[in-house]
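# Pasting a predicted model and its sequence here:
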Amino acid sequence: MKTLDTLDWLSISVYFLVLMGIAIWVIKKRQDNTEDYFLAGRNVGWFVVGASIFASNIGSEHVVGLAGAGASNKLPMLIYEIHAWIVLILGWVFLPFYARSGVFTMPEFLEKRFDARSRWILSVFSIIAYILTKISVTIYAGGVVVSALLGIDFWTGAIATVILTGLYTVLGGMRAVVYTEALQAVILIVGAAALTFIGLEHVGGWSSMAETVTPEYLNMWRSSSDPDFPWPALVITSTIVGVWYWCTDQYIVQRALTAKNIKEGRRGTIFGALLKLMPVFLFLIPGVIALTLKMRGELHYDSPDQAFPILMSNLLPSGLRGLVAAGLLAALMSSLASVFNSCSTLFTVDIYKKLKPDAPEEKLVRTGQIATVIVVIIGIIWIPIMANISGVLYEYLQKVQSYIAPPITAVFLLGIFHKRINAQGAFVTLVVGFIVGALRIVLELVKESLDPNGTLYMLGDMNFLTFGAWFFLFCIILAIAVSLLTEAPSLEKVTNLTFGTISEAEKLKNKSSYNWVDIVVSVLVVAIVIGIMFFFNGK
């Protein structure tokens, strides 16, 4: 593996200088109030919203993990990367409800739609989920990337990146996050696109690559009896996880809430959906290219998660290698910055402010900064544990999300589509759902010590996609049953928060927030998604 040379370091230095300039500019503009610190003053345009949504999603766990999936016969995981159509659902379906309610956070929306109990449980659970998925996975992937690129040990690389990112996130808040992410999205796209094109040229083009790995390898659709990726469960569970992640998760939705108005927010999600189509070609294909070169004896790596950084260091010319390295660091930093800010928002607005409603704005901002530091420390501690759940990083991420998403997706979907769902139904579903999800993680870790013929072993060993699909159905039935057995919510409680209760004035307001261009681009995104599904069919 080639190490970075002087020209590469020059590229990385220029990137960090520009990043530092943006961060300092933002920190100087910052106001010490919660709306500015957590939602960038709700004054961001569609381009920055869309770029921020993309950069938040595409962290180093995607770059490293998705390329690892491409290099290790896990192509069905590609379905998670063509969820651009679900990003559209955020803008067209969910965002108008969030904007109308004027909320800062997703738990706050649940309080408005249901009651304070749902807000409390989702706040606490979301912070735990961020530590289990986003923070630990991103720090781990960052350590892999930085140690591979810079030739330093894993923990030094991981912790150095955390400290650097934490600094500007703590000081600059959400405004620093969204503006630095706009730059990082551009660098990441340019760098990864260069690697994909150079890599394809190096292996002799697409047909030559497909011949080496065999066309069947490039099939994302396995049979319904496949032990790893049965296609019906893959489609259902990936959609459940997608709705949770793109439409109800603070980490992503917070970017849309920073927009000046609903029109800019929706356009931001449409632009984000267009960008979301790129990872398939920018990160998954380089993984397949790396595997092709390994099969031909031209490249060597020990773990599939090393495929992207090793391919990059071996194929790219001096200078460009540094730019892609900067892009990888950008991906890592943008994901970390996003999750740091989302955690501090959830803790400060949904937990601390509820306990201390009279706390001054400066105190709330300071509390958010302290919360960020604590969450980072816990995330670092979790890294050695997560290594036991799954061998490939991207698969670990999707597994844990399949256990977290069903109860939250069920409550949000039923909450806006069905006015009869009440606070009791939402609360019971969230509590029971989180207990079942936690139980599944524990059973998966200890299943080797269980009786192979017992129910507990069966629950711990069941395919994670099949488990996610049945778990979601269970949550839907539970929410409806408990709601119907208890008192219906008052009309006052649900007005403008469900489809059946939107006022005529709000309908007109929403209709004036989009035009034919928004509709055409949205239809185009859906058409491209369908095209990708047909293209990767192994023929």
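Yep, that arrived. As the structure is a prediction and not an experimental result, all values here were calculated from the model. Numbering: from 1, shown residues only.
# Point out the other helices and strands that the helix or strand harbouring Leu7 packs with.
Taking DSSP states H and E as the criterion, Leu7 maps to helix 6-29. Applying 3 or more CB pairs under 8 Å, 6 or more residues apart in numbering; DSSP states H and E, we find helix 6-29 packed against helix 154-202, helix 320-345. From N, CA and C alone the C-beta is placed, and that goes for glycine too.
# If we use 10 Å, what do you get?
Judged by 3 or more CB pairs under 10 Å, 6 or more residues apart in numbering; DSSP states H and E, the packing partners of helix 6-29 are helix 136-150, helix 154-202, helix 320-345.
# residues touching Leu88, list them.
Neighbouring residues of Leu88 by CB atoms under 10 Å, 6 or more residues apart in numbering: 246-247, 266, 269-270, 272-274, 276, 518, 521-523, 525-526, 529.
# Tell me who's in contact with the spatially closest residue to Glu444 that is not a sequence neighbour.
Nearest residue to Glu444 in three dimensions, chain neighbours excluded: Gly460, at 5.0 Å (CB to CB, 6 or more residues apart in numbering). Counting by CB under 10 Å, 6+ apart, Gly460 touches 439-448, 450, 454, 467.
# Adding distance to Tyr140, write those out as a markdown table.
Rendered in a markdown table, the data for the contacts of Gly460 read as follows (distance: CB to CB, whole Å):
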| residue | distance to Tyr140 |
| --- | --- |
| Leu439 | 24 |
| Arg440 | 21 |
| Ile441 | 17 |
| Val442 | 21 |
| Leu443 | 23 |
| Glu444 | 18 |
| Leu445 | 17 |
| Val446 | 22 |
| Lys447 | 23 |
| Glu448 | 23 |
| Leu450 | 27 |
| Gly454 | 32 |
| Phe467 | 24 |
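# List buried residues within the residues you listed.
Neighbour counting over those (16 or more other CB atoms under 10 Å) leaves Arg440, Leu443, Glu444, Leu450, Phe467 as the buried ones.
# does the third one really touch Phe467, like I thought?
To tie it back to what came earlier, the one meant is Glu444. Yes - the criterion here is CB atoms under 10 Å, and Glu444 meets it with Phe467 at 9.4 Å.
# any common contacting residues for the two?
Residues touching both Glu444 and Phe467 by CB under 10 Å, 6+ apart: Lys399, Tyr403, Leu459, Gly460, Asp461.
# burial count for the second one?
The number of residues packed near Tyr403 is 24, by other CB atoms under 10 Å.
# residue contacts, it?
Contacts of Tyr403 by CB under 10 Å, 6+ apart are 129, 132, 241, 433-434, 436-441, 444, 464, 467-468, 471.
# Kindly report the same for the first one.
Lys399 makes contact with Thr133, Ile389, Ser390, Arg440, Ile441, Glu444, Phe464, Leu465, Phe467, Gly468 under the criterion CB under 10 Å, 6+ apart.
# nearest to Lys28, of the residues you listed?
Ranked by distance to Lys28 (CB to CB), those are led by Thr133 at 33.5 Å.
# So for the helix or strand where Leu508 lies, what gets flagged as buried?
For Leu508, the host element (DSSP H and E) is helix 504-511. Within helix 504-511, the residues that qualify as buried by neighbour count (16+ other CB under 10 Å) are Asn510.
# And the average pLDDT for it is what?
The pLDDT scores in helix 504-511 average 89.
# And the contacts of that helix?
Residues contacting helix 504-511 (CB under 10 Å, 6+ apart): 92, 95-97, 99-100, 262-263, 266, 495-496, 502-503.
# can I get the CA coordinates of that helix in PDB?
Coordinates of the C-alpha atoms in helix 504-511 are reproduced here as PDB (Å, rounded to 0.1, in the frame of the first residue of the first chain):
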ATOM      1  CA  GLU A 504     -58.300  24.000   4.300                       C
ATOM      2  CA  ALA A 505     -55.900  26.900   5.000                       C
ATOM      3  CA  GLU A 506     -53.000  24.500   5.700                       C
ATOM      4  CA  LYS A 507     -53.800  22.500   2.500                       C
ATOM      5  CA  LEU A 508     -53.700  25.700   0.400                       C
ATOM      6  CA  LYS A 509     -50.400  26.800   2.100                       C
ATOM      7  CA  ASN A 510     -48.800  23.400   1.400                       C
ATOM      8  CA  LYS A 511     -50.100  23.400  -2.300                       C
END
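# Flag the least confident of the contacts of Lys399.
On pLDDT alone, Ser390 ranks lowest of these, at 46.
# I'd like to know how far the residue positioned nearest the centre of the chain sits from Ala273.
Centroid-nearest residue in the chain: Asn57, 4.2 Å away (criterion: CA atoms, centre = their mean). According to CB to CB, to the nearest Å, Asn57 stands 11 Å off from Ala273.
# What of Ala337?
22 Å.
# that older thread, so of the shared contacts of Glu444 and Phe467, which ones are in helices?
Lys399, Tyr403, Leu459, Gly460, Asp461 (DSSP state H).
# now those residues as JSON lines including pLDDT and distance to Leu320?
Formatted as JSON lines, these follow (pLDDT from 0 to 100; distance: CB to CB, whole Å):
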{"residue": "Lys399", "pLDDT": "83", "distance to Leu320": "35"}
{"residue": "Tyr403", "pLDDT": "92", "distance to Leu320": "40"}
{"residue": "Leu459", "pLDDT": "88", "distance to Leu320": "49"}
{"residue": "Gly460", "pLDDT": "87", "distance to Leu320": "46"}
{"residue": "Asp461", "pLDDT": "88", "distance to Leu320": "46"}
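# So which of those is the closest to Met333?
Using CB to CB, these come closest to Met333 at Lys399, 25.2 Å.
# Wait, a strand at Val103?
No - using DSSP: H, G, I helix; E, B strand; the rest coil, the assignment for Val103 is coil, not a strand.
# So it is in contact with Ala256, correct?
No - in this structure, Val103 is not within contact of Ala256 by CB under 10 Å, at 11.7 Å.
# which stretches of the stretch 351-500 of the chain have low pLDDT?
Scanning the stretch 351-500 of the chain for pLDDT under 70 picks out the ranges 379, 382-395.
# swap in the stretch 151-300 of the chain?
154, 166-181.
# Mind doing that once more with 50?
Within the stretch 151-300 of the chain, no range satisfies pLDDT under 50.
# circling back to that earlier point, just flag the most distant two among the contacts of Tyr403.
Longest span within the contacts of Tyr403, CB to CB: Val241 and Leu439, 18.5 Å.
# So which residues of the stretch 301-450 of the chain form helices?
For the stretch 301-450 of the chain, applying DSSP state H, counting those that start in this stretch gives helices covering 307-315, 320-345, 353-355, 361-386, 393-417, 423-446.
# Show me what the first one is packed against.
Put plainly, it is helix 307-315. Taking 3+ CB pairs under 10 Å, 6+ apart as the contact cut, helix 307-315 packs with helix 60-70, helix 136-150, helix 154-202, helix 285-295, helix 320-345.
# Name the stretch among those helices that sits most buried.
helix 60-70 (a mean of 30; mean count of other CB atoms under 10 Å).
# For that one, the averaged confidence score.
76.
# Now it - C-alpha only, CSV.
Extracted C-alpha coordinates of helix 60-70, given in CSV (Å, rounded to 0.1, in the frame of the first residue of the first chain):
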residue,chain,number,x,y,z
SER,A,60,-16.9,6.9,6.5
GLU,A,61,-19.0,3.9,7.7
HIS,A,62,-20.7,4.1,4.2
VAL,A,63,-17.5,4.7,2.3
VAL,A,64,-15.7,1.9,4.2
GLY,A,65,-18.7,-0.3,4.8
LEU,A,66,-20.4,-0.1,1.5
ALA,A,67,-17.2,-0.8,-0.4
GLY,A,68,-16.7,-3.7,2.1
ALA,A,69,-20.1,-5.0,1.2
GLY,A,70,-19.2,-4.7,-2.6
